[in-house]
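S.K.: using only what follows, build the 3D model:
(3 chains)
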Amino acid sequence: MWRYIVKRILMLIPVVIGASLLVFCVMNLSKGDVVSVITAGADMTNEQIEAVREAMGLNRPLLVRYGEYLFGMLRGDFGKSAISNEPVLKLFFTRFPATVKLAIASSIVNIVLSIPLGIFSARHQGSVADNAAMVFALMGLSMPAFWLGLMLMVLFCVNLQWLPATGGGTDFKSIILPAVTMGIGMMATTTRTTRSAMLDVLRQDYLRTARAKGVPEKKVINLHALKNAMIPILTTVGTQLAKAFGGGAVIEMVFAYPGVGKLLLDAINNRDTTLACGCIVLQTTITVVVLLIVDILYAFVDPRVKAQYAKGGKKK
Amino acid sequence: METKNTVLDIENLSVEFHVDGEIAKSVTDVTIKLHEGTTLGLVGETGAGKTTTALAALNLIQCPPGVIKADKIEVCGNDMLHAKQHELEKIRGKDISMIFQDPMTSLNPVFDVGTQIQESILLHEKLSREEAWEKAMQMLELVGIPRERGHEYPHQFSGGMKQRVVIAISLACTPKVLIADEPTTALDVTIQAQVLEMMKELRDKYGTAMIMITHDLGIVAESCDYVAVMYAGRIIEYGTLDEIFNNTRHPYTEGLFNSLPNIHNRVGKLKPIPGMMPDPRSIPEGCAFADRCPYATDECRRTLPETLKVNDDHVVACLRYNEPDFMIERSRKNG
Amino acid sequence: MKKVLALVLASAMILSVTACGSKPAETKAAAEAAQTEAASTAAVIENQVATKEVATAAEGETLNYKKNIVIAHHQAPVSRGPQDTNTGMQKLLGFMIFDSLLRFDPETKTLVGRLAEDYSQENNGLIWTFHLKKGIKFQNGEELTADDCVFTFERAKELGKNTSAWVDCIEKIETPDDYTVIYTLNKSNMDFAFQMTNYSASIINREACEADPENGIGIGTGGWMIDEFVANDYVSFKRFDNSWVWEAEGVNPTETMTIKYMADQNARMLGVQAGDLDIGCIANNAEFYNYQAQEGLAPVVAASWSCDYIGMNANCEYFKDENVRKAVAYAINKDEALEIINNGFGLTCKSMWCPDTIGYKENFEENYEYNLEKAKEYLAKSAYPNGFSCKLTTISSYSLYAETVQAQLAAIGIDCQVDLTDSPGMGEGGKNGTFEMYIWNTTMSPYGDNLRKLITSDGASNYAHFANEKIDQLMSDAAAEGDEAKRAELYEQVQDELNADCYLVPMFFGYLSNLTRDNVEGYQFTSEGYYMYNVRAVEK
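M.R.: As a prediction, this is how the structure comes out:
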C-alpha cells in the first residue's frame, strides 16, 4: 500500500513541472504584461516604464526566467506577486482555507442532495418520479453558476432577508449560499452516477441473500447495496471535490468569497505571472493529493481494491 | 405420512409476472406441505418454476412485476402472504432460510464472511456483538472453515468454500425450514459430495426440514424423503422417494429417468425428451407436456389434467390415468 | 412518458423565464415617472460634485447614527500605502487614511490647503514653498513635520514603480524649520502644486515606516485608521479621534467602516438593496431610474473627467490622410453614443481638453458636430472614396462602444472589424503602435500639463503615435509660463492643433452612478475622487 502511495506522489513532479511551464509560456505569449497594469494611471514616460520592466527582469529570455522560477519553486520559494509585492505563498495560503471550507461545504451539499436522490431514482427506475429527479438534476447542471447564485441572493438576501448579501466571511451564514450554488452545479453528475451505480448493484444476487436473511429493507439499500456502489460514486464526488479545491472563480466573484479562484483570475487579468503560476502549481498539487486520498479511500470501501494496492499496482 | 408439525404450508400458489403488457405464468396452483425434519426434493427443468416457488415461500418476489395469488403461505404457522414488511424480516433468516444457486455472487464482496454470518445472528437473536461473533465463528468451523479466516473477504475463498459460508449463514439461527436452490450446481463433483454430506449432517443435528431444489436426480436419491416434479409451473407428480423412483407414473418423470446416461449401456444413444418446455407467456390449454408426450391424446391437449391419487404416498397429474389399463413404459419394466 | 414529461417541464421553464422578465405594471409606471423627473437632475451635475449634505437635527430631536458603514467597490485593495498602486479602490482607501498637502476643490475650482496652510511659488514655478499646519497628528501619535514630506518623497523616488509626475520633477527639498518645506524643481513647472494634490503624494510618517516597514506605510493623518487589512478582500477602519479632520469639519458619528471588494456588479447592487451595504460603487447606469423608484434606495450620479475617445494611428495607411480622419470625426454622433452607452449620463466633448483645465475652449475653426453629409464629403475627397475596412481595437468591457462606433461608421462606408482585448493588451498594442483605430479612455485632471503623455510625440499614452512638434513645443512653454493669461492662450493653441490634426476624436465624459441607501449622507463623489470619510447613515 505504501509503495503505491509513494509512486503516486512521485508522479506529482512531472505534473507540476508541466503545469508551471505551460502557464509560464501562455502568460508570456499573451499581449501585454504586468508592467502596464502597475504603471496604469501613473505619469511615467516610456523610458521610465521600460526601466521598471528592466528592473523587474522581464526583458530576459523566457527560458531564463522560467528556469529561475523553477529552481526557486523547488527550493520552496514561489516568488512575490508583481502587483502587491506580497509573497505568493502567503497570498495563496491566506485565502486557501476559505476555498477548502467552500469545497467541503459544497461537497456536503452535493452528497446530501444527490445520493438519496440517486438511490431513490434507481429504486423507482422508469417511474415519473425517476424522470423528474433526472430532469431536476439536469437543471442543476444547466443553470449557470452566476445566474443561480444571483437568483438565490435575490430570494434569500433581498426578499427574505434571511442571509447577508455581503459575503466575504467564511462563517456559516456567508458560506451557505455559495456552497448551495456550487453543490447544485455538482449535483447533476453525482446523481446520475449514483443512480447508475445503484442500478447495477440492485440487480446483484447478494442483495437477495441479505433479504432472505431478514435484513431490513432500509439496511439492504443503504448499507448492503450502497457500499458496493461507492466506488463510482466516490470517484465522481472525489473528482468534483478536487475541482472545487481549485476554487470556483465565478462563484467567488459573485459572492465576493475570499477564495483562491478569484485570486488566480485577478492574477491572470493582471498578467501577474508569478502569482498565477504559483496558484496553478499549488492548486494542481492539491488536486493530485485529493485524488490520491480518494483512491486510498477506495481501499477502505472495497477490499478487493485494497488487495490490488497491496500488490503494488492498480487495476482500475 | 406421520403427523408431525407442518413447518411450510403452501396451498394453491400461483405466481404471474406482468412485463411489457404480457403475462408470464411462472407458477400455477402449487401445493406443498412440508413436515418437520423431512426433505422434499423439488425437481424439474430450468424454467419450471422451482426457484419462483421457493422465493414465494419467503415472499421475496418483486411485486410488481410479480403477482402472487395463494390460498395460504405459512411458515411455522406465520402467514407470509399478508404479513407486514417488518414481520417478514423477522421470519426470514430465523424460521425459514434459503441457500441460493450461485455462491460466486451470493456473498456481499465488501463485507468479510464473519460479519455476514454475524449479521444474521444479530438480527434474530438477543446476543451482544462479541457473543454473536463467537457464534458466527462456531458456524464457520461447523462448515469446515477455520475460524481464523473469519475476517477474510469472499474473493479470498474458492467456490466450494463460499457455498459453505452461505450454508453457515443460512443455518446460523437454526431455521425450521431450509430451502436449498441447486446448492451444488455451480460446484465440481468432489466438492458437491462434501457439501451434500455436510448439509445432511447439519440437517440431522438440527432437525431442519428442507426443500432441495435440483434437476439432478442423483442428488434427489441421496438426500430426499419426498419428491415433487414440476413442469411448466405445476406439480405434475408428487410422492415418497421410493414411489417416484420405483413406481414412476408421469410420462415426464419417465422421460427424466430415461435422459440419464446409463453406465451399463454405453452403446445405446442418449434418449432426451424431444421439444422444449412451453414459454411461460404462452402456456397451452390442457396438459402443458402434451406436445412432447409420447402418450398424448387429443383429450390431453384440450383438458387440464387434475391430480389423481395413485396411493396414499403418491399423486400424479395425467389424464391418461383415467383409463384403467394405462401404463407407461417404465411401469411395464418395473412390473 | 419521459418525452412528455420533459416537454412539459421545458415549456414550464420557458414560461416562467418570460414571466420573470416582464415587470409588474406599477413599478414600470413609477420608474417612467421617476425617469422624466430625474432626467433633468441626473445628467447635470453641479460643479462636478455629487454630495448629500449632512442632515441637521430638528428642534428637540436627536439623530441616531449607525455605528458601522459598509461600502463595496469593484476593485481589490492591494496595498496599505499610497505609493504602490494607483486604482480607484486605492484612492478610495487613501482618502480615508491620508491627506495630501493640498486638495483641488471642484466647486470653487481652486486649490485649498489640507495639511498645508498656504503655499507660494517663484521663478515661474521653479521653487515652491509650503507652510504646514501645526499640531496635526499621525495615527501613531507622531506629529506632522516637514521631515515627513522629505521622507514621503524619498520613499516614492526609491520605489520607482508607479510614480506620479510630482516625483520626477523634484530636484531637492529643503526644510528650514519643522513646518516649512521648500521644493526646488529641475525645471519650471507651473502645475506642481496641483500635482501635489495627487493621492500618491499623500504624506506618510517616517517614524512609522522605519519602525514597521510592512504596516507603517498605512499610517496617515486622516480621520480613519486601518483596523484590518485583508489583501484582495476588504479593509476595515476605526475612527481616529485625534485627527485634525474632525477638528476642522466636525466629528463623524460613525465609529467603524468597512470597504469591501465585490467584483460582481449585480452582487454589489443586491447588497445595497438587501440593506447589507450602505454604498455600492459603480452601479449599472441603465438601472438608475429603477433604483430611484425603489424604496430605501438613492442612486447618485458621480461626475468624472474620464474621457472616452477614438484614436487613429498616424502610421496606419488609412489614417495618414487628413480627409479620412475628418470624415470619421463628423460621422460620430456623440449624443447618441452617450445615450446608448451610458444611459445619457455625462457630457459630450467639444474639445480634447478638460473643461476645468486652464485654457479650455469649445469653438474652433472647424467644429466636428455630427454631420453625415460632411463626413461623406470628406471621405469622397480622400484616397478611399469607397470606404475601407479597418481594425477597431478596444477592451472587452467597452464592447458597446465598439459596436456603436462600428454602426455609426458603417453609415459612411467604413467597415470596422472589432478586436477586443484587455487592459494589458491595450498597453502593449499602444506601445508598439499596432492599432489601426482604437477606443480608449484617459482620465483628465484640471491642471495644464496633464495631457502631456497623451498628446506629445513621445508620450507614453500616445497610442496614435502622432507627432506634432508644435504641440510638443507649446506644452513645454506652457509648463514654464508663469502668467496665467499667457498660459491659457498657449493651451488654446494646443487645442487648435489637436482639433486640426484630428487624430483623436473625443466622444464624451461618461458619468458613473453609485447606489446608496437613502439614509446615507456625508459622501462626496467628485471628479477628483470619492471622499467617504464623512459618511454616516441615519438610523430610522
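
S.K.: stretch C:307-316 near chain A at all?
M.R.: No: using CB under 8 Å from any CB of the partner chain, stretch C:307-316 stays clear of chain A, with a minimum separation of 14.2 Å. Glycine gets a C-beta too; all of them are placed from N, C-alpha and C.

S.K.: may I see the buried residues of that stretch?
M.R.: Buried residues in stretch C:307-316, counting neighbours by 16 or more other CB atoms under 10 Å in any protein chain shown, are found at C:307, C:308, C:309, C:310, C:311, C:312, C:313, C:314, C:316.

S.K.: for residue A:112, see how far away the residue of the stretch 201-335 of chain B at minimum distance from chain C is.
M.R.: Proximity of the stretch 201-335 of chain B to chain C (CB to the nearest CB) peaks at residue B:281, 23.7 Å away. The gap separating residue B:281 from residue A:112 is 44 Å, by CB to CB, to the nearest Å.

S.K.: next, the nearest residue to residue A:254 once chain neighbours are set aside: secondary structure please.
M.R.: Leaving aside its sequence neighbours, residue A:254 sits nearest to residue A:149 (CB to CB, 6 or more residues apart in numbering or on different chains; 4.3 Å). The local conformation at residue A:149, judged by DSSP: H, G, I helix; E, B strand; the rest coil, is helix.

S.K.: so residue A:149 makes contact with residue A:257?
M.R.: No: counting by CB atoms under 8 Å, residue A:149 does not reach residue A:257; the two are 9.9 Å apart.

S.K.: tally of neighbours for residue 89?
M.R.: Just so you know, I chose chain A. Neighbour count for residue A:89, taken as other CB atoms under 10 Å in any protein chain shown: 16.

S.K.: my bad, the chain I had in mind was chain B
M.R.: 21.

S.K.: so, low pLDDT: which residues of chain B?
M.R.: Low-confidence segments of chain B (pLDDT under 70): B:1-4, B:334-335.

S.K.: in the lengthiest helix in it, what's buried?
M.R.: Assignment by DSSP state H gives helix B:189-206 as the longest helix of chain B. Across helix B:189-206, burial judged by 16+ other CB under 10 Å covers B:191, B:192, B:194, B:195, B:196, B:198, B:199, B:202, B:203.

S.K.: list the helices and strands it packs on?
M.R.: helix B:159-171, helix B:217-223 (3 or more CB pairs under 8 Å, 6 or more residues apart in numbering or on different chains; DSSP states H and E).

S.K.: which residues touch residue C:348?
M.R.: Residues counted as contacts of residue C:348 (CB atoms under 8 Å, 6 or more residues apart in numbering or on different chains) are C:334, C:335, C:338, C:507, C:508.

S.K.: and the nearest residue to it once chain neighbours are set aside, what is it in contact with?
M.R.: Distances taken as CB to CB, 6+ apart place residue C:334 nearest to residue C:348, at 4.1 Å, with adjacent residues excluded. Contacts for residue C:334 (CB under 8 Å, 6+ apart) come out as C:348, C:349, C:370, C:507, C:508.

S.K.: backbone dihedrals for residue B:119, please?
M.R.: Dihedral pair for residue B:119: phi -60, psi -40, per degrees, to the nearest 10.

S.K.: pretty sure it contacts residue A:209?
M.R.: No: with contact defined as CB under 8 Å, residue B:119 does not reach residue A:209; the gap is 10.6 Å.

S.K.: picking that back up, need the helices and strands packed on helix B:189-206 in a markdown table (columns: mean neighbour count and distance to residue C:53).
M.R.: Shown next, in a markdown table, are the helices and strands packed on helix B:189-206 (neighbours: other CB atoms under 10 Å in any protein chain shown; distance: least, CB to CB, whole Å):
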| stretch | mean neighbour count | distance to residue C:53 |
| --- | --- | --- |
| helix B:159-171 | 24 | 86 |
| helix B:217-223 | 18 | 103 |
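
S.K.: nearest to chain A, of those helices?
M.R.: Taking the helices and strands packed on helix B:189-206 one by one with CB to the nearest CB, helix B:159-171 is closest: 6.6 Å.

S.K.: what's the angle between the closest one and helix B:189-206?
M.R.: Angle of helix B:159-171 versus helix B:189-206, following axes from the mean of the first three to the mean of the last three CA atoms, to 10 degrees, is 20 degrees.

S.K.: which residues does helix B:159-171 contact?
M.R.: With CB under 8 Å, 6+ apart as the test, helix B:159-171 has contacts from A:209, A:212-213, B:93, B:97-100, B:103-104, B:106-107, B:113, B:116-117, B:120, B:136, B:139-140, B:142-145, B:154, B:157, B:178, B:183-184, B:186-188, B:191, B:194-195, B:198-199, B:202, B:206, B:208.

S.K.: which among those residues count as buried?
M.R.: Burial by neighbour count, judged by 16+ other CB under 10 Å, picks out A:209, A:212-213, B:93, B:97-100, B:103, B:106-107, B:113, B:116-117, B:120, B:136, B:139-140, B:142-143, B:145, B:154, B:157, B:178, B:183-184, B:186-187, B:191, B:194-195, B:198-199, B:202, B:208 from the contacts of helix B:159-171.
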